[in-house]
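K.L.:
here is the input, now give the coordinates:
(chains A and B)
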Number of protein chains: 2
Amino acid sequence: MARLSPDVLRLYLVTDQSLTRGRGLAEVVAAAVQGGVSCVQLREKHLGTREFLAQALKLKELLAPHHVPLVINDRLDIALACGADGVHLGQSDLSLEEARKLLPPEVFIGWSVESMDDVLHSAALPVDYLGVSPVFDTPTKTDTKRAWGLEGLAGVRAATALPLVAIGGIHAGNARRVLCAGADGLAVVSALCGADDPRAAAERLRSLCDEVLTPRK
Amino acid sequence: MARLSPDVLRLYLVTDQSLTRGRGLAEVVAAAVQGGVSCVQLREKHLGTREFLAQALKLKELLAPHHVPLVINDRLDIALACGADGVHLGQSDLSLEEARKLLPPEVFIGWSVESMDDVLHSAALPVDYLGVSPVFDTPTKTDTKRAWGLEGLAGVRAATALPLVAIGGIHAGNARRVLCAGADGLAVVSALCGADDPRAAAERLRSLCDEVLTPRK
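P.N.:
The predicted model follows:
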């Protein structure tokens, strides 16, 4: 595929149905997109395949008119069946080479890096962006290695030219520092899925992104 | 694909790692294949994608020299990545139409039917065999509808020309009746995965199949 524009990653919503407090996921995503989310990753570890696909198709329909890409976490079968724009893989998912072989060339692939070894390996791998995971410790994911921290993120920035999206414990209070440390985008779960007003929360985060990433003349 | 030979389904092992009592799944499968298993379905609902694929590749390597097809339950991403021979879908998995679109034409597709409606619909669907599930009540699966019973199985046999594999509560003590009711093959989980001697258990079931399905002159 053509090089992925880092702008797509600017405000990257990762879904977690369990955080939406009874609201439908589509409702929360729609509000967040109104507020400026530029990319949505559907992450579902507990749904059956048919329900997962139904959710993916619903989000695809919702996002397409806004030209907001839909990324599927882990499951290439779902990504292929719903015509996703991208796939995000972690260290316990298919390898990048396996995924690249199975996906159409226009589908981009992101990969969570948890160590500097991963980052250095990524140079030789078919990957379009890196997820720096987790930047801060977070209750959302408990199966990851220790947090990168801002210095770690800056080290990743120095080690690769790939677009970087930072994830883990990011909120309006630390977003600016994450961007200044070198992230091309902020991936957020609870700061949007769990927000009382997902649209307002997205607006606030998006304007922070635009301020830092589009320098004023 | 060319019509699937019902002979492939004659003795159809469905894996359940939790029943192998500490033995490796590959070890149990290898023994069962020595005993006459003609098809193996890898069913894993709890493994991560990478581990699932590793298991699939291990079984593929083990089965290929014996020309025993490997079928993957539910997960088309795993099936595509490991080069499976078939895919088995249930009522909460991808639809047959979606699966057929994503799979190479030589990969066969089985489908679990839980009602006569499913059986009647199957005539218009891209499916290569039906799993009559469950024939008898079983502790292995608890999310299925009520058992077909032998009369139900005979009714399915009368309603479709597709190859039929019966699953659910089958063992050497009832296998003959299941075959006489119209099944082209026996799918077994605990009777092989949980057997003290999976090879001997497979030999016994396979000879019952061959007796009933290959009538003596």
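
K.L.:
CA atoms for contacts and neighbours, from now on please.
P.N.:
Will do.

K.L.:
all helices of chain A, in order?
P.N.:
A:25-34, A:49-63, A:76-82, A:96-102, A:116-122, A:149-159, A:175-180, A:190-193, A:198-213 (DSSP state H).

K.L.:
ok, longest strand in chain A?
P.N.:
strand A:108-113 (DSSP state E).

K.L.:
does anything pack onto that one? Which helices or strands?
P.N.:
Packing contacts for strand A:108-113, counted by 3 or more C-alpha pairs under 8 Å, 6 or more residues apart in numbering or on different chains; DSSP states H and E, involve strand A:86-89, helix A:96-102, strand A:129-132.

K.L.:
picking that back up, dump the helices of chain A into TSV; add mean neighbour count, mean pLDDT and distance to B:Ser92 as well.
P.N.:
Listed next are the helices of chain A as TSV, based on neighbours: other C-alpha atoms under 10 Å in any protein chain shown; pLDDT from 0 to 100; distance: least, C-alpha to C-alpha, whole Å:
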stretch	mean neighbour count	mean pLDDT	distance to B:Ser92
helix A:25-34	20	98	20
helix A:49-63	19	98	5
helix A:76-82	24	98	13
helix A:96-102	16	98	23
helix A:116-122	15	97	36
helix A:149-159	17	98	41
helix A:175-180	20	97	40
helix A:190-193	24	95	26
helix A:198-213	19	97	31
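
K.L.:
let's have the ones you listed in CSV, adding distance to chain B.
P.N.:
Below are the helices of chain A laid out as CSV (distance: least, C-alpha to the nearest C-alpha, whole Å):
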stretch, distance to chain B
helix A:25-34, 20
helix A:49-63, 5
helix A:76-82, 5
helix A:96-102, 7
helix A:116-122, 16
helix A:149-159, 25
helix A:175-180, 30
helix A:190-193, 23
helix A:198-213, 31
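
K.L.:
looking at the ones you listed, which is closest to B:Val178?
P.N.:
B:Val178 sits nearest to helix A:49-63 of all the helices of chain A, at 30.5 Å, using C-alpha to C-alpha.

K.L.:
contacts for the closest one?
P.N.:
Helix A:49-63 has contacts (C-alpha atoms under 8 Å, 6 or more residues apart in numbering or on different chains) with A:26, A:29-30, A:33, A:42, A:44, A:69-70, A:72, A:78, A:81-82, A:84, B:74-75, B:92-95.

K.L.:
again, only this time at 6 Å
P.N.:
A:78, A:82, B:92-94 (C-alpha atoms under 6 Å, 6 or more residues apart in numbering or on different chains).

K.L.:
cool, stretch A:81-91 as well?
P.N.:
A:57, A:69-74, A:107-112.

K.L.:
buried only: go through those for me.
P.N.:
Neighbour counting over the contacts of stretch A:81-91 (16 or more other C-alpha atoms under 10 Å in any protein chain shown) leaves A:57, A:69-74, A:107-112 as the buried ones.

K.L.:
closest one to A:Arg100 out of the residues you listed, please.
P.N.:
Of the buried ones among the contacts of stretch A:81-91, the one sitting nearest to A:Arg100 (C-alpha to C-alpha) turns out to be A:Ile109, at 7.8 Å.

K.L.:
could the contacts of helix A:49-63 go into a markdown table alongside distance to B:Cys180?
P.N.:
Formatted as a markdown table, the contacts of helix A:49-63 follow (distance: C-alpha to C-alpha, whole Å):
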| residue | distance to B:Cys180 |
| --- | --- |
| A:Ile78 | 39 |
| A:Cys82 | 42 |
| B:Ser92 | 30 |
| B:Asp93 | 30 |
| B:Leu94 | 32 |
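
K.L.:
state the pair within the residues you listed that is farthest apart.
P.N.:
The span of these, defined through C-alpha to C-alpha, is set by A:Cys82 and B:Ser92 at 16.1 Å.

K.L.:
okay, domains of chain A per the record?
P.N.:
Domain segmentation of chain A under automatic domain parsing yields A:12-74, A:90-189.

K.L.:
dump the contacts of stretch A:81-91 to JSON lines, plus distance to B:Gly48.
P.N.:
Listed next are these as JSON lines, based on distance: C-alpha to C-alpha, whole Å:
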{"residue": "A:Leu57", "distance to B:Gly48": "23"}
{"residue": "A:Pro69", "distance to B:Gly48": "25"}
{"residue": "A:Leu70", "distance to B:Gly48": "22"}
{"residue": "A:Val71", "distance to B:Gly48": "19"}
{"residue": "A:Ile72", "distance to B:Gly48": "15"}
{"residue": "A:Asn73", "distance to B:Gly48": "12"}
{"residue": "A:Asp74", "distance to B:Gly48": "9"}
{"residue": "A:Val107", "distance to B:Gly48": "22"}
{"residue": "A:Phe108", "distance to B:Gly48": "22"}
{"residue": "A:Ile109", "distance to B:Gly48": "18"}
{"residue": "A:Gly110", "distance to B:Gly48": "18"}
{"residue": "A:Trp111", "distance to B:Gly48": "16"}
{"residue": "A:Ser112", "distance to B:Gly48": "15"}
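
K.L.:
which one of those residues sits closest to chain B?
P.N.:
A:Asp74 (7.5 Å; C-alpha to the nearest C-alpha).

K.L.:
ok, now which ones touch the closest one?
P.N.:
Contacts of A:Asp74 (C-alpha under 6 Å, 6+ apart): A:88-89, A:93.

K.L.:
tell me the backbone dihedrals of it, please.
P.N.:
phi 70, psi -60 (degrees, to the nearest 10).

K.L.:
just give the nearest non-adjacent residue to it, would you?
P.N.:
Nearest residue to A:Asp74, sequence neighbours excluded (C-alpha to C-alpha, 6 or more residues apart in numbering or on different chains): A:Leu89, at 5.1 Å.

K.L.:
quick one: that neighbour from B:Ile167, how far?
P.N.:
35 Å (C-alpha to C-alpha, to the nearest Å).

K.L.:
same deal with A:Leu13?
P.N.:
43 Å.

K.L.:
what's the nearest residue to A:Arg21 if we skip its chain neighbours?
P.N.:
A:Gly194 (7.2 Å).

K.L.:
wait, isn't the one you found in contact with A:Leu19?
P.N.:
Yes: the pair A:Gly194 and A:Leu19 qualifies as a contact (C-alpha atoms under 6 Å) at a distance of 5.1 Å.

K.L.:
okay, A:Asp143: pLDDT?
P.N.:
Note on A:Asp143: pLDDT of 62.

K.L.:
again with A:Ala2
P.N.:
Predicted confidence (pLDDT) for A:Ala2: 67.
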